[in-house]
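Undergrad: 3D model of this:
(2 chains)
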Amino acid sequence: MATKTDNQKAWFFVLPVVVLVAFNALIPLMTVVNYSVQETFGNNLFFWEGVGWFEQVLHSERFHAALGRQLMFTGIILAIEIPLGVAIALTMPRQGPWVPVCLVLMALPLLIPWNVVGSMWNIFALPEIGLLGRAINAMGIDYNFTQQPLAAWFTVILMDVWHWTSLVVLLAYAGLISIPDAYYQAAKIDGAKAWAVFRHIQLPKMKRVLTIAILLRFIDSFMIYTEPAVLTGGGPGNSTTFLSIDLVKIALGQFDLGPAAAMSLIYFVITLLVSWVFYTLMTRDDAK
Amino acid sequence: MKRLIPLVPALYILFLMLPIYWLLNMSFKTTNEILGSFSLWPNEFTLENYRTIFTDPTWYMGYVNSLTYVSINTAITLVVALPAAYAFSRYRFLGDKHLFFWLLTNRMAPPAIFALPFFQLYSAVGLFDTPLAVALAHVLFNIPLTVWILEGFMSGIPKELDETAYVDGYSFPRFFFRIFLPTIKAGIGVSAFFCFMFSWVELLLAKTLTAVEAKPIAAIMTKTASSAGYELGLLAAAGVLTIIPGAFVIYFVRNYIAKGFALGRV
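TA: The predicted structure is shown next:
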């Protein structure tokens, strides 16, 4: 890694980015902060509300339920996608004509618009016309994700695994191919078992990319909106109403600006805190 | 045991392809056949769904609108992110680490939070319902990642390259455009791919910031799904067509894709 030199003029290089992001991030963020402390009855009349909305949101059962579902969803998909992605990356060919084929096919789900992912899984999983729905019902299991909460959860999680495991595979694979052959030869001479090679050579080499994978998967799954919104619409009932779906319902559906803004800020702070932990872990490794 | 190992990626790819195949299958069926019977391939093969999309301007303009804001977004992001990434990879300056993390925090902001304020902001500056509004909104999420990826690629290039160029009498702009940019072209390609990826797949903001003129294809699809009865065949055909640009760009970055997903730091 190149050593850096002190140069305050470097600020000119970052200025365009700062201006653009500030315009896009700070103005909307201040709008949200503004709403979060006021009450409005329309007609552009606003009244000071203080931290009332925050207290209301933090104490509301609806928010707790949405947050609980969100944490459960993120936990489950991380627990499936990270090990599965690593396992697939380990079994992928390292060279030869199949490598680009595998990479292109695996990356394909990542490039499909999120609402199309939702619609696609809708037609794929519907019990009457969908391949998956038909197959599960043919096995004698009563499955209808539009009516059974458990089936809805199963479908949403399967959809997310389908959509995003490739990201973990590609990251882990990038880590694996960076390991020089000499490491494996040395392990062979020492008579190391496959597990030992994984534990002491492959896993440490993948640590960095896996942190990135967990960070990105955490962030994206925590703000998931479009795919479940299209697939289940948050239902049946509220069973798959995650944080973003609930937020959009409150803000754009009911137009309750105060509570929605307060909820936005709480939501943002939670995401930020967890991401900060990952980021610190990552940059601490860089410093070594 | 060893011979079974290639089966794992093969099965995984099969799993990935199944829903895509089903979408393709549906797109060649008539709505009556979809709702009336169940078959693994179309019995009355029809291209009617695709014909509708290519002849009806409300449909095909959706693709034009989407591709327009995706291109604008990619161009803006790369132009501002390149110098910034260079600064982060080569220099230490006041507040650099904090600035870098602040940029990243914007990648962590759920788009749902920004939907309403963006609507108000872009209405106030008169950009509502233009591709530029969507492009600018997506810049917020693309800049952090692009700066991060480019910084990773740039840090992998030894500083001696810069120093040798100055010794040889290159001015900074000449060095930057003639030597440095060609050296990291893989990084630029991968960054462009990521800009394309996010901007192409995002729906919530794109839908909130457009009404009629600049409506993206994704929003037209959701509207059709709810209003025009339940034209599944048409919806499936529109879905299939949204996959094609993605498949096209992946092909170009196939050799760098893994490195790109690792943010240039393997």
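Undergrad: just checking, what packs against whichever strand or helix holds residue A:136?
TA: Using DSSP states H and E, residue A:136 falls within helix A:131-138. Here helix A:131-138 touches helix A:114-125, helix B:7-27, going by 3 or more Cβ pairs under 8 Å, 6 or more residues apart in numbering or on different chains; DSSP states H and E. Placement of C-beta: from N, CA and C, glycine included.
Undergrad: So which bits of the longest one are buried?
TA: Put plainly, it is helix B:7-27. The neighbour-count criterion (16 or more other Cβ atoms under 10 Å in any protein chain shown) identifies B:8-9, B:12-13, B:16, B:19-20, B:22-27 as the buried residues of helix B:7-27.
Undergrad: Residue B:65 - how many residues pack around it?
TA: 22 (other Cβ atoms under 10 Å in any protein chain shown).
Undergrad: name the element it belongs to?
TA: helix B:57-90.
Undergrad: re the thing from before, CSV for the helices and strands packed on helix A:131-138, including mean pLDDT and distance to residue B:39?
TA: CSV is the format used below for the helices and strands packed on helix A:131-138 (pLDDT from 0 to 100; distance: least, Cβ to Cβ, whole Å):
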stretch, mean pLDDT, distance to residue B:39
helix A:114-125, 89, 14
helix B:7-27, 91, 8
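Undergrad: Pipe the ones you listed into TSV and attach distance to residue A:63 per row.
TA: TSV is the format used below for these (distance: least, Cβ to Cβ, whole Å):
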stretch	distance to residue A:63
helix A:114-125	24
helix B:7-27	33
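Undergrad: Let me see the contact set for residue B:134.
TA: Residue B:134 is in contact with B:69, B:73, B:199, B:205-206, B:209-210, B:214, B:216, counting by Cβ atoms under 8 Å, 6 or more residues apart in numbering or on different chains.
Undergrad: Phi, psi for residue A:96 please.
TA: Dihedral pair for residue A:96: phi 110, psi 180, per degrees, to the nearest 10.
Undergrad: How much space separates it from residue A:102?
TA: Separation of residue A:96 from residue A:102 (Cβ to Cβ, to the nearest Å) stands at 10 Å.
Undergrad: mind listing what the residue lying closest to residue B:193 once chain neighbours are set aside touches?
TA: Ranked by Cβ to Cβ, 6 or more residues apart in numbering or on different chains and with sequence neighbours excluded, the top spatial neighbour of residue B:193 is residue B:253, at 4.6 Å. Residue B:253 makes contact with B:189-190, B:193, B:260 under the criterion Cβ under 8 Å, 6+ apart.
Undergrad: can you rerun that using 10 Å?
TA: Residues in contact with residue B:253, defined by Cβ atoms under 10 Å, 6 or more residues apart in numbering or on different chains, are A:103-104, A:107, B:186, B:189-194, B:196, B:259-260.
Undergrad: so where is the chain shaky, pLDDT-wise?
TA: If you meant another chain, say so; for now it's chain A. A:1-3, A:40-45, A:285-288 (pLDDT under 70).
Undergrad: Chain B is the one I meant
TA: For chain B, the ranges with pLDDT under 70 are B:1-2, B:223-230, B:258-259, B:261-266.
Undergrad: So residue A:96 and residue A:102 - more neighbours on which side?
TA: Higher neighbour count among residue A:96 and residue A:102: residue A:102, with 22 against 9, using other Cβ under 10 Å.
Undergrad: Mind telling me what element that one is part of?
TA: With DSSP H and E as the criterion, residue A:102 is inside helix A:98-107.
Undergrad: now the angle from that helix to helix B:7-27?
TA: In terms of direction (axes from the mean of the first three to the mean of the last three Cα atoms, to 10 degrees), helix A:98-107 departs from helix B:7-27 by 50 degrees.
Undergrad: wait, does helix A:98-107 make contact with chain B?
TA: Yes - residues of helix A:98-107 are located near chain B by Cβ under 10 Å from any Cβ of the partner chain, namely A:98-107.
Undergrad: For the buried ones among those residues, write the corresponding PyMOL selection.
TA: Buried members of the residues of helix A:98-107 next to chain B, defined by 16+ other Cβ under 10 Å, are picked up in PyMOL with:
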select buried, chain A and resi 99+102+103+105+106+107
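Undergrad: Specify which member of the residues of helix A:98-107 next to chain B is nearest to residue A:27.
TA: Using Cβ to Cβ, residue A:107 is the member of the residues of helix A:98-107 next to chain B that lies nearest residue A:27, at 34.8 Å.
Undergrad: Residue B:34 is nearest to which of the helices and strands packed on helix A:131-138?
TA: Per Cβ to Cβ, nearest to residue B:34 of the helices and strands packed on helix A:131-138: helix B:7-27, 5.9 Å.
Undergrad: Surely residue B:43 is in a strand?
TA: No - Residue B:43 is assigned coil when assessed by DSSP: H, G, I helix; E, B strand; the rest coil, not a strand.
Undergrad: number of nearby residues for it?
TA: Neighbours around residue B:43, by other Cβ under 10 Å: 10.
Undergrad: How about it: what's its closest non-neighbour residue?
TA: For residue B:43, the closest residue by Cβ to Cβ, 6+ apart turns out to be residue B:33, at 6.3 Å.
Undergrad: For chain B, which residue occupies the most central location?
TA: Closest residue to the average C-alpha location of chain B: residue B:197 at 1.7 Å, with Cα atoms, centre = their mean.
Undergrad: For that residue, which non-adjacent residue is closest in space?
TA: Using Cβ to Cβ, 6+ apart, the nearest residue to residue B:197 is residue A:111, at 5.8 Å.
Undergrad: if I pick that neighbour, what's in contact with it?
TA: Counted by Cβ under 10 Å, 6+ apart, residue A:111 has contacts B:193, B:196-197, B:200-201, B:242-250.
Undergrad: got a list of contacts for the helix or strand encompassing the residue nearest to residue B:43?
TA: Element membership for residue B:33, per DSSP H and E: helix B:31-36. Around helix B:31-36, the neighbours that count as contacts under Cβ under 10 Å, 6+ apart are A:123, A:128-129, B:25-27, B:29-30, B:39, B:42-46, B:48-49, B:229-236.
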